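Engineer: Build me a model:
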Amino acid sequence: MRFLYVDDISVCEQNPADIVFVLDASSSIWPPHFRLQLDFVNNVANEFMVGEDYAHIGVLTYSDYPTKHLMLGELVNDLKAMTTKIKQIPQQGGNTYTDLALKEMREVMFQNARDGVPHIGIVITDGVSEFPIKTSKQAQLSRDAGITMFALGVGQADQDELHNIASAPDMVYQVDNYDMLDSLKKKLAWKACEITTKPPPTTTTTTTTTTTTTTTTTPPPQMIDGCGGHSPLDLMLAAPDEAGIIDTEYVLRFFQNVVDQVQIGPRQTQVGLTPRLCSGDERGIKLPGIRLKDYDMKKPLQEAIAERALGSTLLSQQLEYLTEVAFSVEEGGRETGKKSAILVVDNQSMYPEDAIAIAEDAKALGINVITIGVGDYVDKRELRQIASSASNAFFVNNYEELDSIVEGIKDALCKGLMS
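Structural biologist: Residues are numbered from 1 along each chain as shown. Alright, predicted model coming up:
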């Protein structure tokens, strides 16, 4: 590898490149820190010669949706106007939909990119995207489209997700805070310069006989297809039914479909199903469930789920069971495992204050709580309070629609795995 120093920038200044900055403008960023991102973009752009036949700069921000601010080829002959326009970009606020931003970058920002010049995307973020699996997929599609991806993480940005975005490990950068962003401008410019100055490959025909020794590194096992988190996942499924009208067939089929999204095994994902608990003042289990340690293969687990019967159980009781019993070592819970629970509910709980209080205990223990409300009789506010985040609360009109949210549940599990 050739190391580039400050004097080398003059070599790279005159090489053409199409560079798009993708900036996190979500509410997690303090406004002065957002402005530091804009300064950083201008400082990096100044390391290149911007012009009609040289570097073109584009800027896209994102939160709940992506917003285009500077298109490639725009203001290339007026650097002062370009710098001013970048400085005046507003912060949107909202959530972190990085997947939508990457899609917009690829399909819109690079739509008018020049052929025969490097296409470079630079993503800056300080957190985890709302849908990590979708983000990973969009990053892969961008790389497949020939865009070289850089990922810059600030503060608590998730390392796994940064690596899923970037084209190579040495294209991932991390700083502790936005004040330190500017320390990366030379490094980033050098690396981008390296891409723009790579010589074209030469073709030669040779005949050689060699003996090759290959060292194979086994990658860490995946818990969820397409998700970068590699900690073991302990997942509990629950369907508390206070009104006694739950549609068992649809719920169990939905649970089987969720199991299809994860990798089952002793070093990967373990899945359990809460039992039917005694109601009222009685304590104990009326009908056994499935413990985390019971199955380490997918097909037998799905068959066991299909044979289960669901019945009336208080939501607060189910949450209490999840908090006190389900993830214990005795039940198969792993101390190194990430914990998630999915609750399917079709009615208001009888004791909402108890349910919310116990859910807080569960979340304090590190359980990623996902709630699913079915039909018109659920209390949406209550289910959002019980869930670990607003994006972890799902709602469908009827049981037939449960399968439509499987991908969303998969993303919520992945986000919990990467937190």
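
Engineer: and the most centrally placed residue in the chain, what is it in contact with?
Structural biologist: With distances taken as C-alpha atoms, centre = their mean, the residue of the chain nearest its centroid is residue 132 (1.6 Å). Each residue near residue 132 by C-beta atoms under 8 Å, 6 or more residues apart in numbering is listed here: 158, 161, 164, 227-229, 411, 414-415, 418. For every residue, glycine as well, the C-beta is placed using N, CA and C.

Engineer: Ranking by neighbours, what's the top pick from those?
Structural biologist: Taking other C-beta atoms under 10 Å as the neighbour criterion, residue 414 ranks highest of the contacts of residue 132 with 31 neighbours.

Engineer: I'd like to know how far that one sits from residue 131.
Structural biologist: For residue 414, the distance to residue 131 (C-beta to C-beta, to the nearest Å) stands at 8 Å.

Engineer: one step back: so for the residue nearest to the centre of the chain, what's the pLDDT?
Structural biologist: pLDDT for residue 132: 90.

Engineer: Pull the residues that contact the helix or strand hosting residue 370.
Structural biologist: If you go by DSSP states H and E, residue 370 is part of strand 367-374. Residues outside strand 367-374 that contact it (C-beta under 8 Å, 6+ apart) are 322-323, 327, 338-346, 359, 362-363, 379-380, 383-384, 386-388, 392-399, 402, 405, 409, 412-413, 415-417, 419.

Engineer: Let me have the contacts of residue 132 in a markdown table, extended by secondary structure, distance to residue 38 and pLDDT.
Structural biologist: Output for the contacts of residue 132, formatted as a markdown table (DSSP: H, G, I helix; E, B strand; the rest coil; distance: C-beta to C-beta, whole Å; pLDDT from 0 to 100):
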| residue | secondary structure | distance to residue 38 | pLDDT |
| --- | --- | --- | --- |
| 158 | coil | 23 | 86 |
| 161 | helix | 23 | 90 |
| 164 | helix | 25 | 91 |
| 227 | coil | 32 | 80 |
| 228 | coil | 29 | 72 |
| 229 | coil | 32 | 70 |
| 411 | helix | 30 | 90 |
| 414 | helix | 31 | 91 |
| 415 | helix | 28 | 88 |
| 418 | helix | 28 | 83 |
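
Engineer: which residues in the stretch 101-250 of the chain form strands?
Structural biologist: Applying DSSP state E, counting those that start in this stretch to the stretch 101-250 of the chain gives strands spanning 119-125, 147-154, 172-175, 233-238.

Engineer: For the ones you listed, please prepare JSON lines with the additional fields distance to residue 96, mean pLDDT and mean neighbour count.
Structural biologist: Listed next are the strands of the stretch 101-250 of the chain as JSON lines, based on distance: least, C-beta to C-beta, whole Å; pLDDT from 0 to 100; neighbours: other C-beta atoms under 10 Å:
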{"stretch": "strand 119-125", "distance to residue 96": "7", "mean pLDDT": "96", "mean neighbour count": "26"}
{"stretch": "strand 147-154", "distance to residue 96": "12", "mean pLDDT": "95", "mean neighbour count": "24"}
{"stretch": "strand 172-175", "distance to residue 96": "17", "mean pLDDT": "92", "mean neighbour count": "18"}
{"stretch": "strand 233-238", "distance to residue 96": "22", "mean pLDDT": "96", "mean neighbour count": "27"}
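
Engineer: got JSON lines for those strands, with distance to residue 101 too?
Structural biologist: Output for the strands of the stretch 101-250 of the chain, formatted as JSON lines (distance: least, C-beta to C-beta, whole Å):
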{"stretch": "strand 119-125", "distance to residue 101": "8"}
{"stretch": "strand 147-154", "distance to residue 101": "12"}
{"stretch": "strand 172-175", "distance to residue 101": "17"}
{"stretch": "strand 233-238", "distance to residue 101": "27"}
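
Engineer: Among those, which comes closest to residue 92?
Structural biologist: strand 119-125 (13.7 Å; C-beta to C-beta).

Engineer: Now do the lengthiest helix in the chain: which elements does it pack against?
Structural biologist: For the chain, the longest helix by residue count, based on DSSP state H, is helix 31-45. Other helices and strands packing on helix 31-45, by 3 or more C-beta pairs under 8 Å, 6 or more residues apart in numbering; DSSP states H and E, are strand 17-24, strand 55-62, helix 79-87, strand 119-125, helix 185-196.

Engineer: looking at these, which is closest to residue 292?
Structural biologist: strand 119-125 (33.3 Å).

Engineer: Compute the inter-axis angle for the strand holding residue 370 and strand 233-238.
Structural biologist: For strand 367-374 against strand 233-238, the angle by axes from the mean of the first three to the mean of the last three C-alpha atoms, to 10 degrees is 30 degrees.

Engineer: Now do the next helix or strand after strand 367-374: everything it contacts.
Structural biologist: For strand 367-374, the following helix or strand on the C-terminal side (DSSP H and E) is helix 380-386. Here helix 380-386 makes contact (C-beta under 8 Å, 6+ apart) with 315, 319, 343, 345, 348-349, 352, 355-356, 359, 369, 371, 373, 390, 393, 395.

Engineer: and if you look at stretch 60-67?
Structural biologist: Contacts for stretch 60-67 (C-beta under 8 Å, 6+ apart): 20-27, 68-69, 89, 91-98, 100-101, 103-105, 109.

Engineer: Could you export that stretch as CSV, CA atoms only?
Structural biologist: Output of stretch 60-67 as CSV, limited to C-alpha atoms (Å, rounded to 0.1, in the frame of the first residue of the first chain):
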residue,chain,number,x,y,z
LEU,A,60,-27.6,14.6,0.8
THR,A,61,-29.1,14.7,4.4
TYR,A,62,-31.4,12.2,6.0
SER,A,63,-33.5,11.5,9.0
ASP,A,64,-37.1,10.3,8.4
TYR,A,65,-36.5,10.8,4.7
PRO,A,66,-33.6,11.8,2.5
THR,A,67,-33.2,15.4,1.2
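
Engineer: Could you check it and say which residues are buried?
Structural biologist: Buried residues in stretch 60-67, counted by 16 or more other C-beta atoms under 10 Å: 60-64, 66-67.

Engineer: Determine which two of those residues are furthest apart.
Structural biologist: Within those, 60 and 64 form the most distant pair, 13.9 Å apart (C-beta to C-beta).

Engineer: show me what contacts residue 341?
Structural biologist: Counted by C-beta under 8 Å, 6+ apart, residue 341 has contacts 235-238, 322, 326, 362, 367-370.

Engineer: now residue 154
Structural biologist: Residue 154 makes contacts with 33, 124-126, 174-178, 181, as judged by C-beta under 8 Å, 6+ apart.
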